[in-house]
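Chemist: Prediction below, plus the sequence it came from.
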Amino acid sequence: MTGTMGSINPNLAWTRVDVLTPYQRMTADIQIRGRLAATINDAEPLFHLRNVSAEPLQPGAVPLNGVPEGLFSKTQICGIRTIEAEAPLPDQASIEIVRRYAMFQGASFMVTGAAEFPKAADQKMHTEILMKAHFFPMVDVTVTIIGASGKSWTQSSILVNRDQMLALYLG
């Protein structure tokens, strides 16, 4: 980031992310304002990446290594997460949460893990809470690519794209 850009808006930062698409798993830097969830859920349909590398997940997908920059459509993102965990917001530290088993099914991938909710929220409202944002968080997840043998991994968190959803199961 240039010194000028940082002095104009000190909340802008580049952070390393994993990005899951139907065809590839990318690692890149994304410019965020504050937190990843706020950036990925804003109204802008595209986002910029830099230092992009990609592992193909499906036959025909092209590997990438160190591509300087790219432009990406949010509608085609299956899931995204920061490599380094983001610190919890100060106002959320005192909120008691409950976890529910969650399985998110997309056309080419599945994410199993947990969704977190404020303990005070009525269980009947949990689906509405998740569907409020285009990208919602899941924690302690396993990501599985459908139709690609051996393509699964675990991670602490991911934001999944509700527009890629075929089904969501809450236990």
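Modeler: All right, it came through fine.

Chemist: per-residue pLDDT, residue 10?
Modeler: On pLDDT, residue 10 comes in at 59.

Chemist: now the one 10 residues further on
Modeler: What the model reports for residue 20 is a pLDDT of 95.

Chemist: What about it, how many residues nearby?
Modeler: A count of nearby residues for residue 20, using other CB atoms under 10 Å, gives 25. In this view, the C-beta of every residue, glycine as well, is placed from N, C-alpha and C.

Chemist: how far away is it from residue 160?
Modeler: In this structure, residue 20 and residue 160 are 9 Å apart, going by CB to CB, to the nearest Å.

Chemist: any shared contact partners between the two?
Modeler: Common neighbours of residue 20 and residue 160 (criterion: CB atoms under 8 Å, 6 or more residues apart in numbering): 78, 79.

Chemist: Only alpha carbons, please: show stretch 47-67 as PDB.
Modeler: Provided in PDB are the C-alpha atoms of stretch 47-67 (Å, rounded to 0.1, in the frame of the first residue of the first chain):
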ATOM      1  CA  PHE A  47     -13.000  -6.800  -5.200                       C
ATOM      2  CA  HIS A  48      -9.300  -6.500  -5.900                       C
ATOM      3  CA  LEU A  49      -6.700  -9.100  -5.100                       C
ATOM      4  CA  ARG A  50      -3.000  -9.000  -5.400                       C
ATOM      5  CA  ASN A  51      -0.200 -11.600  -5.200                       C
ATOM      6  CA  VAL A  52      -2.700 -14.300  -6.400                       C
ATOM      7  CA  SER A  53      -1.800 -18.000  -6.400                       C
ATOM      8  CA  ALA A  54      -4.300 -20.700  -7.200                       C
ATOM      9  CA  GLU A  55      -4.600 -24.500  -6.800                       C
ATOM     10  CA  PRO A  56      -6.900 -26.100  -9.300                       C
ATOM     11  CA  LEU A  57      -9.700 -28.100  -7.800                       C
ATOM     12  CA  GLN A  58     -11.400 -29.300 -11.000                       C
ATOM     13  CA  PRO A  59      -9.900 -30.700 -14.200                       C
ATOM     14  CA  GLY A  60      -9.200 -27.800 -16.600                       C
ATOM     15  CA  ALA A  61      -8.700 -25.200 -14.000                       C
ATOM     16  CA  VAL A  62      -5.400 -23.300 -14.400                       C
ATOM     17  CA  PRO A  63      -2.800 -23.100 -11.600                       C
ATOM     18  CA  LEU A  64      -1.600 -19.600 -10.800                       C
ATOM     19  CA  ASN A  65       1.500 -18.500  -9.000                       C
ATOM     20  CA  GLY A  66       2.200 -14.900  -7.900                       C
ATOM     21  CA  VAL A  67      -0.100 -13.100 -10.300                       C
END
